[in-house]
Every structure is written in structure tokens, then in C-alpha cells.
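Engineer: sequence-free structure coming up:
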């Protein structure tokens, strides 16, 4: 399989392989996963790509996908992500890096070289998905709870910072420091909305890659923008 599927990479050019995944009807579709391997250089990317971080799971529990027309075994957790990825309207045919397929696992020298490049691979990706697996039990409720707690934490921090600057400005203007009750009224954030029931999505976290041109704050796929009225 390795010799017929994989061609040598040039470490000097920081070459990596990426998957181009054919769109599918739905995440539950029994339609075979079909992918194409393409080679790109991190030094001169022709188009943006995405990456996935996931738990391999039991290496013996696999299912077949088709890569360059050849059957290739991947773990069920990775297959579940690829099925979700191919059906999401935002990502059709976008390039994806997944280590189990994009690295020739039977080539020790290549594997060691690519592992050393992983930091650059994830940093160069437009977005990295942290795939926790398909939904199960109360996982949707748990993720929504974490989301709202994170929103509260960020809002509290931002409100405290705005208040600190306001108090500093009052001090410069010679105004008295506000009373504790006033501080509490501004920093105590109450009445956060109760999570509404929603269809069960896969448990996936979107982590925007942080590079020189991007300073986004990852929060379970939600980018939060807050303003505190004064």
C-alpha cells in the first residue's frame, strides 16, 4: 500500500500531503469516503488547508475509505470526522491534513521528519478541528454548559478590565473611587441566557490557527465580541 499510494516528500521544501475529500450526502450516509492525496509545500501554499486533531482510538477498529482510488483503513473516529467534514457546507472539497493518512506510517524516516514539522503544520492551517467524537449521552448539554461558562468567564474578565481603566481615569481626574456596590453592579454579570434545545451536532471544536496575521480567540467554535455600556 505505502509504495503504491505514497510518493517521497522533500523535507527541504517542507512538503506535506493533504486530503481533498469528495462531498457526501450526509454524515450518516453509507456512501464510501473518497479522497485524493495532493502534495503541498508549507513554504509556498497554493491554497489554504485545514487540520484535525483527534484520538486515534483502537487501531484494530477500522473501516475502509478510498484514497486515490485505493482502499485505505482508518480508525472509526477519524472516519466519523471525515464523514462530518465532507457534508458540512462550509468545507466541501477543502484540503485537510490528518496524520494517519497524510503521513506514510510505514516509513519511519518520513514519520520522524513529519512529526518534527507538526508545529508548523498546525500553525499553517487555516483552522484546526479538535474532534472529540460523535455525540453520545448528554454530550451536547455538556458542551453547551462549557460554552456558556466560557462566555461568562470572558465577559467577567473584559468587564473587570473596562472597570479598571474607568477607575484609573477617575483617579486621574481627581474623582472619588466608586463604592463597592457600584463595582459589584458593573462587574456582576447576571441573566445569561439559558441554553435552548438544539439538534445534536458532532462534538467538534474549531480552533482558528494563531499566526502573524490572525489573533482570534478560540472558544468551542464561537468567537465572542463583547461591549460594556457606560
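Structural biologist: Structure's in. What do you need? Because the structure is predicted, anything quoted here is derived from the model rather than measured. Residues are numbered from 1 along each chain as shown.

Engineer: what is the mean pLDDT for stretch 110-120?
Structural biologist: Mean per-residue pLDDT for stretch 110-120: 95.

Engineer: what residues of it count as buried?
Structural biologist: 110, 114, 117 (16 or more other CB atoms under 10 Å). For the C-beta atoms, the positions are set from N, CA and C on the backbone; glycine is no exception.

Engineer: now do the strands in this protein.
Structural biologist: 15-21, 34-41, 49-54, 62-67, 70-75, 95-97, 127-133, 203-208 (DSSP state E).

Engineer: avg pLDDT for the top helix by length along the chain?
Structural biologist: As assigned by DSSP state H, the longest helix anywhere in the chain is helix 139-172. Per-residue pLDDT values over helix 139-172 give a mean of 72.

Engineer: swap in stretch 36-47?
Structural biologist: Stretch 36-47 shows a mean pLDDT of 94.

Engineer: now do stretch 63-79
Structural biologist: In this model, stretch 63-79 has a mean pLDDT of 93.

Engineer: gap between the two ends of it?
Structural biologist: One end of stretch 63-79 sits 7 Å from the other (CA to CA, to the nearest Å).

Engineer: which of the residues in that stretch are buried?
Structural biologist: 65, 67, 72, 74-75, 77-79.

Engineer: returning to that earlier point: also compute the angle for the longest helix of the chain relative to strand 127-133, please.
Structural biologist: Relative orientation of helix 139-172 versus strand 127-133 (axes from the mean of the first three to the mean of the last three CA atoms, to 10 degrees): 130 degrees.

Engineer: for helix 139-172, packing partners?
Structural biologist: helix 180-187, strand 203-208 (3 or more CB pairs under 8 Å, 6 or more residues apart in numbering; DSSP states H and E).

Engineer: if we go to 10 Å?
Structural biologist: strand 127-133, helix 180-187, strand 203-208 (3 or more CB pairs under 10 Å, 6 or more residues apart in numbering; DSSP states H and E).

Engineer: looking at those, which one has the lowest mean pLDDT?
Structural biologist: helix 180-187 (a mean of 44).

Engineer: next, count neighbours for residue 54.
Structural biologist: For residue 54, the neighbour count with other CB atoms under 10 Å is 19.

Engineer: tell me the spacing between it and residue 96.
Structural biologist: 12 Å (CB to CB, to the nearest Å).

Engineer: could you say which of the strands of the chain is packed most deeply?
Structural biologist: Comparing the strands of the chain by mean neighbour count (mean count of other CB atoms under 10 Å), strand 95-97 ranks first with a mean of 23.

Engineer: sorry, back to before: so can I have JSON lines of the strands of the chain showing distance to residue 163?
Structural biologist: Putting those into JSON lines (distance: least, CB to CB, whole Å) gives the following:
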{"stretch": "strand 15-21", "distance to residue 163": "47"}
{"stretch": "strand 34-41", "distance to residue 163": "47"}
{"stretch": "strand 49-54", "distance to residue 163": "37"}
{"stretch": "strand 62-67", "distance to residue 163": "53"}
{"stretch": "strand 70-75", "distance to residue 163": "49"}
{"stretch": "strand 95-97", "distance to residue 163": "43"}
{"stretch": "strand 127-133", "distance to residue 163": "33"}
{"stretch": "strand 203-208", "distance to residue 163": "28"}
